[in-house]
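Student: Quick check, what structure comes out for this input:
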Amino acid sequence: MPAVVVEVRRAYAPEHERAIMDAVHAALVDAFRIPADDRDVRLVVHEPHRFACSPALSHPELRTIVTIDCFAGRSPSAKRSLYAGIADRLEALGIPRDHVSTILHEVEPENWGARGRAAGDVDLGFQIDV
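Tutor: Alright, predicted model coming up:
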(Lines give C-alpha, C1' and ligand atoms only; values in the text may rest on other atoms or scores of the structure.)
Protein backbone atom coordinates (compact mmCIF):
# COMPACT_ATOMS: atom_id res chain seq x y z
CA MET A 1 0.00 0.00 0.00
CA PRO A 2 2.95 2.40 -0.33
CA ALA A 3 2.19 5.61 -2.20
CA VAL A 4 5.00 6.71 -4.51
CA VAL A 5 5.80 9.96 -6.31
CA VAL A 6 8.65 9.99 -8.81
CA GLU A 7 9.79 13.50 -9.74
CA VAL A 8 11.90 14.13 -12.82
CA ARG A 9 13.39 17.23 -14.52
CA ARG A 10 12.56 16.34 -18.11
CA ALA A 11 9.84 14.77 -20.19
CA TYR A 12 10.34 11.21 -21.38
CA ALA A 13 8.49 9.20 -23.99
CA PRO A 14 5.40 7.55 -22.47
CA GLU A 15 6.96 4.08 -22.62
CA HIS A 16 10.07 5.35 -20.79
CA GLU A 17 7.88 6.98 -18.14
CA ARG A 18 6.06 3.68 -17.65
CA ALA A 19 9.41 1.88 -17.42
CA ILE A 20 10.56 4.30 -14.68
CA MET A 21 7.34 3.76 -12.74
CA ASP A 22 7.55 -0.01 -13.23
CA ALA A 23 11.17 -0.03 -12.03
CA VAL A 24 10.34 1.76 -8.79
CA HIS A 25 7.33 -0.47 -8.18
CA ALA A 26 9.37 -3.63 -8.85
CA ALA A 27 11.93 -2.50 -6.27
CA LEU A 28 9.11 -2.07 -3.72
CA VAL A 29 7.70 -5.52 -4.50
CA ASP A 30 11.13 -7.11 -4.05
CA ALA A 31 12.30 -5.21 -0.97
CA PHE A 32 9.04 -4.72 0.95
CA ARG A 33 7.31 -7.88 -0.34
CA ILE A 34 4.11 -6.07 -1.21
CA PRO A 35 1.74 -7.74 -3.68
CA ALA A 36 2.59 -6.94 -7.29
CA ASP A 37 -0.91 -5.57 -7.88
CA ASP A 38 -0.66 -3.19 -4.88
CA ARG A 39 0.36 -0.26 -7.04
CA ASP A 40 0.19 3.49 -6.38
CA VAL A 41 2.93 5.19 -8.38
CA ARG A 42 2.74 8.70 -9.85
CA LEU A 43 5.30 10.38 -12.06
CA VAL A 44 5.57 14.18 -12.02
CA VAL A 45 7.53 15.97 -14.73
CA HIS A 46 8.92 19.36 -13.70
CA GLU A 47 10.22 22.09 -15.94
CA PRO A 48 13.95 22.28 -15.16
CA HIS A 49 13.66 25.86 -13.91
CA ARG A 50 11.17 24.61 -11.29
CA PHE A 51 13.39 21.78 -10.02
CA ALA A 52 16.75 23.07 -8.84
CA CYS A 53 19.59 20.62 -8.41
CA SER A 54 23.34 20.59 -8.09
CA PRO A 55 25.13 21.88 -11.18
CA ALA A 56 27.88 19.37 -10.33
CA LEU A 57 25.74 16.50 -11.62
CA SER A 58 27.00 15.11 -14.92
CA HIS A 59 23.47 15.11 -16.37
CA PRO A 60 21.29 17.42 -14.25
CA GLU A 61 18.35 16.83 -16.57
CA LEU A 62 18.27 13.24 -15.24
CA ARG A 63 17.95 14.20 -11.55
CA THR A 64 15.24 12.00 -10.07
CA ILE A 65 13.65 12.02 -6.63
CA VAL A 66 11.52 9.10 -5.45
CA THR A 67 9.33 9.83 -2.42
CA ILE A 68 7.57 6.90 -0.76
CA ASP A 69 4.90 7.10 1.93
CA CYS A 70 4.56 3.71 3.61
CA PHE A 71 3.64 2.04 6.86
CA ALA A 72 6.27 2.07 9.58
CA GLY A 73 7.82 -1.24 10.52
CA ARG A 74 10.20 -2.28 7.74
CA SER A 75 13.66 -3.38 8.82
CA PRO A 76 16.79 -1.36 8.00
CA SER A 77 17.81 -4.23 5.73
CA ALA A 78 14.56 -4.01 3.74
CA LYS A 79 15.02 -0.25 3.40
CA ARG A 80 18.61 -0.64 2.18
CA SER A 81 17.42 -3.22 -0.32
CA LEU A 82 14.75 -0.79 -1.52
CA TYR A 83 17.20 2.08 -2.00
CA ALA A 84 19.65 -0.12 -3.90
CA GLY A 85 16.88 -1.73 -5.96
CA ILE A 86 15.52 1.63 -7.08
CA ALA A 87 18.99 2.95 -7.99
CA ASP A 88 19.90 -0.28 -9.83
CA ARG A 89 16.69 -0.36 -11.84
CA LEU A 90 16.79 3.33 -12.75
CA GLU A 91 20.45 3.06 -13.71
CA ALA A 92 19.48 0.30 -16.14
CA LEU A 93 17.13 2.87 -17.72
CA GLY A 94 19.93 5.41 -18.19
CA ILE A 95 19.53 7.43 -14.98
CA PRO A 96 22.87 7.52 -13.14
CA ARG A 97 22.56 6.15 -9.61
CA ASP A 98 24.19 9.27 -8.16
CA HIS A 99 21.32 11.29 -9.68
CA VAL A 100 18.68 9.33 -7.73
CA SER A 101 17.46 10.09 -4.21
CA THR A 102 14.86 8.05 -2.37
CA ILE A 103 12.98 9.60 0.53
CA LEU A 104 10.98 7.29 2.75
CA HIS A 105 8.19 8.68 4.95
CA GLU A 106 6.96 6.13 7.47
CA VAL A 107 3.42 6.44 8.75
CA GLU A 108 1.89 4.47 11.60
CA PRO A 109 -1.03 2.38 10.28
CA GLU A 110 -3.49 4.17 12.57
CA ASN A 111 -2.58 7.41 10.74
CA TRP A 112 -3.44 6.05 7.28
CA GLY A 113 -7.02 5.58 6.12
CA ALA A 114 -7.80 2.56 3.94
CA ARG A 115 -11.25 1.50 2.82
CA GLY A 116 -12.79 4.02 5.20
CA ARG A 117 -10.98 2.65 8.25
CA ALA A 118 -7.60 2.94 9.91
CA ALA A 119 -5.14 0.76 7.98
CA GLY A 120 -4.22 -0.99 11.22
CA ASP A 121 -7.82 -2.29 11.34
CA VAL A 122 -7.78 -3.68 7.80
CA ASP A 123 -6.28 -6.93 6.47
CA LEU A 124 -3.71 -5.44 4.11
CA GLY A 125 -2.83 -8.74 2.47
CA PHE A 126 0.88 -8.38 3.25
CA GLN A 127 3.30 -8.17 6.18
CA ILE A 128 4.81 -4.85 7.19
CA ASP A 129 7.62 -6.29 9.33
CA VAL A 130 9.98 -7.46 6.58
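Student: helices or strands up against the longest helix along the chain?
Tutor: Of all segments of type helix in the chain, defined using DSSP state H, the longest is helix 14-32. For helix 14-32, the elements it packs on are strand 3-8, strand 41-45, strand 64-71, helix 76-92, judged by 3 or more C-beta pairs under 8 Å, 6 or more residues apart in numbering; DSSP states H and E. Yep, even glycine has a C-beta here, placed from its N, CA and C like the rest.
Student: could those be laid out in a markdown table, adding distance to residue 58, mean neighbour count and mean pLDDT?
Tutor: Shown next, in a markdown table, are the helices and strands packed on helix 14-32 (distance: least, C-beta to C-beta, whole Å; neighbours: other C-beta atoms under 10 Å; pLDDT from 0 to 100):
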| stretch | distance to residue 58 | mean neighbour count | mean pLDDT |
| --- | --- | --- | --- |
| strand 3-8 | 16 | 19 | 98 |
| strand 41-45 | 20 | 14 | 98 |
| strand 64-71 | 14 | 20 | 97 |
| helix 76-92 | 13 | 17 | 98 |
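Student: Out of those, flag the one nearest residue 32.
Tutor: Closest approach to residue 32 among the helices and strands packed on helix 14-32 is made by helix 76-92 (6.0 Å; C-beta to C-beta).
Student: That closest one packs against which elements?
Tutor: Helix 76-92 sits against helix 14-32, strand 64-71, strand 100-107, with contacts defined as 3+ C-beta pairs under 8 Å, 6+ apart.
Student: Same list (the ones you listed) but as TSV, adding distance to residue 7.
Tutor: Formatted as TSV, the helices and strands packed on helix 76-92 follow (distance: least, C-beta to C-beta, whole Å):
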stretch	distance to residue 7
helix 14-32	11
strand 64-71	5
strand 100-107	10
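Student: With residue 23 as the reference, measure out to the closest residue to residue 21 other than its chain neighbours.
Tutor: Here the nearest residue to residue 21 in space, its sequence neighbours aside, is residue 41; by C-beta to C-beta, 6 or more residues apart in numbering that works out to 4.6 Å. Distance, residue 41 to residue 23, using C-beta to C-beta, to the nearest Å: 10 Å.
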